[in-house]
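Asks: Below: sequence and its predicted model.
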Amino acid sequence: MRVAADVPASERVNLEVLRTDTATFDALVESRRNRAEEWFKQPAGRIEVCNVPIPVRTAR
């Protein structure tokens, strides 16, 4: 495993990460807190930090 800062710039993958200080991120957290899929019979109303995936994509 290598830390990104240790990878030469020419070898780095250019990624975009969803900012966590946006309404979009807040909506993502709420959607995970109160999941509506059929498997979830009763919304939990709470969430653990590990259950919030941070969207990442390759920059265009």
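Replies: Ah, there it is.
Asks: quick one, phi psi at the most centrally placed residue in the chain?
Replies: Centroid-nearest residue in the chain, with Cα atoms, centre = their mean: I54, separated by 0.9 Å. The phi/psi pair for I54 (degrees, to the nearest 10) reads phi -90, psi 120.
Asks: pretty sure it contacts V17?
Replies: Yes - with contact defined as Cβ atoms under 8 Å, I54 reaches V17; the gap is 6.1 Å. C-betas here are computed from N, CA, C, even on glycine.
Asks: Now do the helices for the protein: every range, in order, please.
Replies: Using DSSP state H, the helices of the chain run over residues 23-33.
Asks: so where's it uncertain?
Replies: Filtered on pLDDT under 70, the chain yields no residues whatsoever.
Asks: can you pull out the strands in it?
Replies: Along the chain, counting by DSSP state E, strands occupy 15-17, 56-58.
Asks: Parallel or antiparallel, which strands does the last one pair with?
Replies: Looking back up the chat, that one is strand 56-58. Here strand 56-58 is paired, per DSSP bridges, with strand 15-17 (antiparallel).
Asks: so how far is K41 from V49?
Replies: V49 sits 23 Å away from K41, taking Cβ to Cβ, to the nearest Å as the criterion.
Asks: do P55 as well
Replies: For P55, the distance to K41 - Cβ to Cβ - is 27 Å.
Asks: between the two, who's got more neighbours?
Replies: Each of P55 and K41 has its neighbours counted (other Cβ atoms under 10 Å); P55 has more, 10 against 5.
Asks: From D26, how far out is the residue nearest to that one when sequence neighbours are not counted?
Replies: Closest residue to P55 apart from its sequence neighbours, by Cβ to Cβ, 6 or more residues apart in numbering: L18 at 4.4 Å. From L18 over to D26 the distance is 11 Å, taken as Cβ to Cβ.
Asks: residues in contact with the residue nearest to the centre of the chain?
Replies: 17-18, 20 (Cβ atoms under 8 Å, 6 or more residues apart in numbering).
Asks: okay if I get those as CSV plus distance to E30 and neighbour count?
Replies: Output for the contacts of I54, formatted as CSV (distance: Cβ to Cβ, whole Å; neighbours: other Cβ atoms under 10 Å):
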residue, distance to E30, neighbour count
V17, 19, 10
L18, 14, 13
T20, 13, 12
